[in-house]
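> Okay, structure incoming, though there's no sequence with it:
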């Protein structure tokens, strides 16, 4: 028992040291670089992917093609073998402009998607779920549809403590401002709750969302001015555990440029992931693509929570927006991944390219002491 206590203490001390280094400032350099991954057999944009540890696979729940149509096919990607597989299963309603939210309900862990744009170009209010353990799909009954007055497609999606937080959205005519919380464990018809004091500072869609230490960050985005989408550099933070949650724009520094239509990853202060080359810790940081409507770019940025500062992160190989992304914490080869999206080579031209940024782990040296 004494030895186990000492081991735990060492792990805690190493984690604390990693967090301290992460909070020391932004004078660190990132030594890694993005590497080309295997091309996808599908050519989609405005979609998402999610890793499921028990199978070791990433799941893609359909997406939009270059011609504007929608494919609801569910594909998997095996990062260990670089193989993609069509599961033969389709989403009940094929959609694009969605984000995968991993939530546990009475059935088990499900990949939830809220709203989205269907094959007819219509924004939906429906809620769908894919269960990776059983390869089954379901559409929730109408009482569980997204209740906002404006569709939540392309809105911010974030998960904290097994609840999904949905903010903003775009229905092709107007932007949403409301923030809603979805509880998968609540009874049907009572799963949604509006945070009445947490409207976004302005209506936005295509916002990058990230969570660090249970705080939700709304990064960039775009608003509709009646003729086109206008990208913004603003960043706001929401504490869902506050007595009266509300978005705080003033508390977070703006991005170095306007950004939207990409993905972001948050690493809490206990994270032991680091840059594999210069050993810069990821703890207490956010990594986000810049994306942008309607000319994608290669820019990626890193935010340090403790110093409230943004810095350049190594650039992507391929300009991309409206892409799928996920962090794959695979033992021995953890990495940030991007797949597909629009690459700017033409009007709404999709790409089959993928790329990844490898991460390492902060070494944990365990020493065994005998305490008499």
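That came in fine, so what should we check first? Please read all numbers here as calculations on a predicted model, not as lab measurements.
> how far away is residue 37 from residue 84?
11 Å (C-beta to C-beta, to the nearest Å). (C-beta placed from N, C-alpha, C; glycine too.)
> What sits closest to residue 288 if chain neighbours are left out?
Excluding its sequence neighbours, the residue lying closest to residue 288 (C-beta to C-beta, 6 or more residues apart in numbering) is residue 264, at 3.6 Å.
> List the contacts of the one you found.
By C-beta atoms under 8 Å, 6 or more residues apart in numbering, residue 264 lies in contact with 208-210, 217, 219, 286-289.
> Taking those, please make a PyMOL selection of just the buried ones.
The buried subset of those, as determined by 16 or more other C-beta atoms under 10 Å, is captured in PyMOL by this line:
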select buried, resi 208+209+210+217+219+286+287+288+289
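> where do the strands sit along the stretch 201-350 of the chain?
Along the stretch 201-350 of the chain, the segments classed as strands by DSSP state E, counting those that start in this stretch run 208-212, 215-219, 222-224, 229-231, 235-238, 247-248, 264-267, 273-274, 285-289, 300-304, 309-313, 324-328, 335-339.
> Repeat that for the stretch 51-200 of the chain.
Under DSSP E, counting those that start in this stretch, the stretch 51-200 of the chain gives strands at 57-64, 70-78, 83-90, 95-96, 101-104, 109-118, 123-131, 136-139, 156-160, 163-167, 179-182, 192-194.
> what's the most buried one of these?
strand 95-96 (a mean of 28; mean count of other C-beta atoms under 10 Å).
> one step back: grab the two from the contacts of residue 264 that are most spread out in space.
217 and 289 (14.0 Å; C-beta to C-beta).
> and the residue lying closest to residue 47 once chain neighbours are set aside, what does it touch?
What sits nearest to residue 47 in space, not counting adjacent residues and going by C-beta to C-beta, 6+ apart, is residue 63, at 3.0 Å. Residues near residue 63 by C-beta under 8 Å, 6+ apart: 42, 44-47, 70-71, 96, 324, 340.
> ditto for residue 338
263, 289, 316, 320, 323-325, 354-356.
> 10 Å - rerun?
34, 37, 49, 262-263, 289, 300, 316-318, 320, 323-326, 353-357 (C-beta atoms under 10 Å, 6 or more residues apart in numbering).
> quick one on the thing from earlier: next one: the residue nearest to residue 47 from residue 139, what distance?
18 Å.
> circling back: now render the contacts of residue 264 as TSV, adding distance to residue 172 and pLDDT.
As requested, the contacts of residue 264 are exported to TSV (distance: C-beta to C-beta, whole Å; pLDDT from 0 to 100):
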residue	distance to residue 172	pLDDT
208	21	98
209	21	98
210	26	98
217	26	98
219	23	98
286	29	98
287	30	98
288	25	98
289	24	98
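> I'd say residue 70 and residue 47 touch.
Yes. Counting by C-beta atoms under 10 Å, residue 70 does reach residue 47; the two are 9.5 Å apart.
> so what sits against both of these two?
Common contacts of residue 70 and residue 47 (C-beta under 10 Å, 6+ apart): 62-64, 95-97, 116.
> Common neighbours of residue 217 and residue 289, please.
Going by C-beta under 10 Å, 6+ apart, residues that sit against residue 217 and also against residue 289 are 208, 264.
> Which helix or strand in this structure has the lowest average pLDDT?
When the helices and strands of the chain are scored by mean pLDDT, DSSP states H and E, helix 2-22 comes last with a mean of 40.
> Right, I'll leave it there.
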